[in-house]
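Undergrad: The amino acid sequence is not available; the structure is as follows:
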């Protein structure tokens, strides 16, 4: 049961749904929606009650209605939207006298403002390309047709318009209906009273009037899959804006008083509905441009973000993911300004020569021997001291944004033909219990250990990352460390580095840029990941952190020179959270971790396979509510498996994928291992064709021989 909560901006949890219990209830709701058309009469029943709530001070000094968004939520959204080019092209005209021409220009400005909000949010969080699933349109009254502002102006009906709706374009019908309203905005040329930034009770009643009709239309809809009990309402004037969240269970509405539906609805709102209102905040400046980074516009953006998530599912790029880019942009800015971070201050450093790692004066900048984190830029040369191979040099190509750790693409100067992945770890003296430092440790030191275990047991696969080099960085200048494993006073001395191959695009970016996968693409991804998991299972290694960020798409060329084509394969990376023994704990991902991992903090034999099912469900367009707690994540899994919604969705994509999901469901939480061989045979036949005896079959055969060799030799990891 998806629930969207305005208490966190890190993701949208879904909205609870109202399902009428009988045809009689449906008929009663329809009759109430048809009869409730007089706004003035509706206002008479509610205005005094709304006025009392507006004038009654709560503990936080606001009115009696609940507050909606916190400053912390808006600050997070602001950081996530850093650099996003919101652009309102039609400026908001601001004049002292109200005229018909001025109102027309203001309506066009509001329409363009809402359109800019839709474009910015959708392109940032959901899809960079493709058609927009939303538009802006205006109704004349509840149940009326919708028109654009320009069409209303051309027909001389602008005064009849009662607001602007954000409309979902999912319906095949060209006519827009009220059950397609995602969010509703009321525009008033002069909304606020005096200069106190207060909204009139009359205006709030009007917003609730249209909000009620939106909820009723959704409940009666035959096409909308969002029969939710909550809607966001925007109230705007030419300067400022307010957000209202209106929610309530329509099942508790008294439908017996058909002679006076206004009284019944008013009593329902007073007794059962929940109304949350933000303070009125300025949106447009004196030039008619929105202040996108200020609270007024951020309130609108946040409400629209939740509204889109309500209709289109959680974003493919989460707010947390975009916030993680902030630290990289900040470091880039400091690098441009020649500033480096020490324990207590930001101090200047000096770039002596292009192409070299910067050397600083430790005596002046690092008096307490606290090293800075190593951050590299394009063209920098990293010299690595590998205990097995000696010194090797790598040149940085670009920074790859991947969560809370530093990952770069680089080339080896000895063999500069292929791009490699270069992980930069945390200095040993910085390994304190902070999330960022521990992430660095898992990605470098722990992942090095896991990949070495696989390599030492002879487990080689193109579907597994391979260590190219690992060791500690060799910094420029004099090093007075006393032992090979020691460190000197240089801030970067002893920083661990891991270099692996291959390099690819994370699955999260692939889905964000290209949309959902076809059946063939989903089966290929499932097949490739199962090959990797099966290979690792030979050494009793489980991944423990399967998610879209930790699976990359690698494009390789196949065929001869005259006839070659590009072939994509998928490789699970980031094996630092792998489970080697019972005491190891996997990473916890509320969307993609297995139920056993969430409930017990441990993996069962089928946990990685269960995560693969969630991945396949996600990339094929399955609706996954972004959870905000382990309890809600477990509840989503329990409901999804019990209702077989995952299998039903995958069945529309591929009968084979549905069968695999059924198989994994039968293993969840049990001690029984996954029979990878049978599913690899079936998936390979579907992906490559029964007559294809190519590389995939060869890969499985090699893995089988490796397993036999490992069992006969009794090899074990160090």
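TA: Right, received. Where do you want to start? These numbers were taken from a predicted model, which means no experiment stands behind them. Numbers count the residues shown, from 1 in each chain.
Undergrad: The helix or strand containing residue 104: how far from the chain's middle?
TA: For residue 104, the element it lies in under DSSP states H and E is helix 100-121. Once both centres are worked out by Cα atoms, centre = their mean, to the nearest Å, helix 100-121 turns out to sit 28 Å from its chain's centre.
Undergrad: And the contacts of it?
TA: 81, 84-93, 95, 132, 134-136, 138, 148-150, 152-153, 158-159, 161, 164, 166, 185, 187, 189, 236, 238, 283, 288, 290, 300-301, 304-305, 308 (Cβ atoms under 8 Å, 6 or more residues apart in numbering). For every residue, glycine as well, the C-beta is placed using N, CA and C.
Undergrad: which parts of it are buried?
TA: 103-121 (16 or more other Cβ atoms under 10 Å).
Undergrad: again, but for stretch 678-692
TA: Buried-residue list, stretch 678-692, by 16+ other Cβ under 10 Å: 679, 680, 683, 684, 685, 686, 687, 688.
Undergrad: so how far is the first residue of stretch 492-501 from its last?
TA: This stretch, stretch 492-501, spans 24 Å end to end (Cα to Cα, to the nearest Å).
Undergrad: again with stretch 473-482
TA: Using Cα to Cα, the end-to-end distance of stretch 473-482 comes to 16 Å.
Undergrad: do the same with stretch 397-410
TA: 5 Å.
Undergrad: Buried ones among the contacts of helix 100-121?
TA: Buried among the contacts of helix 100-121 (16+ other Cβ under 10 Å): 81, 84, 86, 88, 90-93, 134-136, 138, 149, 152-153, 158, 161, 164, 166, 185, 187, 236, 238, 283, 288, 290, 300-301, 304-305, 308.
Undergrad: Could you name the helices and strands sitting against the strand or helix carrying residue 520?
TA: Assigned by DSSP H and E, residue 520 falls within helix 519-538. Using 3 or more Cβ pairs under 8 Å, 6 or more residues apart in numbering; DSSP states H and E, the elements in contact with helix 519-538 are strand 564-572, helix 607-619, helix 655-667, helix 676-688, helix 695-713.
Undergrad: What is the subsequent helix or strand relative to the lowest-mean-pLDDT helix or strand in the chain?
TA: Sorting the helices and strands of the chain by mean pLDDT, DSSP states H and E puts helix 362-365 at the bottom, at a mean of 34. Where DSSP H and E defines the elements, the next helix or strand beyond helix 362-365 is strand 381-386.
Undergrad: residues of that next one that come out buried?
TA: Buried residues in strand 381-386 (16+ other Cβ under 10 Å): 382, 383, 384, 385, 386.
Undergrad: Tell me the gap between stretch 114-130 and the middle of its chain.
TA: 14 Å.
Undergrad: How about stretch 469-489?
TA: Chain-centre distance of stretch 469-489: 40 Å, with Cα atoms, centre = their mean.
Undergrad: buried sites along that stretch?
TA: Neighbour-count burial for stretch 469-489 flags 469, 470, 471, 472, 473, 474, 475, 487, 488 (criterion: 16+ other Cβ under 10 Å).
Undergrad: That one: end-to-end distance?
TA: End-to-end distance of stretch 469-489 (Cα to Cα): 25 Å.
Undergrad: Contact partners for residue 519?
TA: Residues in contact with residue 519 (Cβ under 8 Å, 6+ apart) are 620, 653, 654, 657.
Undergrad: most surrounded residue in those?
TA: residue 657 (25 neighbours; other Cβ atoms under 10 Å).
Undergrad: Now do that one, the pLDDT please.
TA: Looking at residue 657, its pLDDT stands at 96.
Undergrad: what does residue 652 give?
TA: 93.
Undergrad: which element is it on?
TA: Per DSSP H and E: residue 652 is located in helix 645-653.
Undergrad: buried sites along that helix?
TA: For helix 645-653, by 16+ other Cβ under 10 Å, it's 646, 647, 649, 650, 651, 653.
Undergrad: Flag the shaky bits of the stretch 551-700 of the chain, pLDDT-wise.
TA: Along the stretch 551-700 of the chain, the parts satisfying pLDDT under 70 run over 557-566, 690-700.
Undergrad: May I see the buried residues of stretch 40-55?
TA: Using 16+ other Cβ under 10 Å as the test for burial, stretch 40-55 gives 42, 43, 45, 46, 47, 50, 53, 54.
Undergrad: okay but the last one is in contact with residue 64, surely?
TA: What it means is residue 54. Yes. Contact criterion Cβ atoms under 8 Å: residue 54 and residue 64 qualify, at 7.2 Å.
Undergrad: returning to that earlier point: quick one: which of the contacts of helix 100-121 sit in helices?
TA: Among the contacts of helix 100-121, DSSP state H puts 149, 150, 152, 153, 300, 301, 304, 305, 308 in helices.
Undergrad: list the contacts for the fifth one?
TA: Yep, that's residue 300 we're talking about. 117, 234, 241, 243, 283.
Undergrad: Nearest to residue 72, out of the residues you listed: which one, please.
TA: Of all the contacts of residue 300, residue 72 sits closest to residue 243, with 16.3 Å by Cβ to Cβ.
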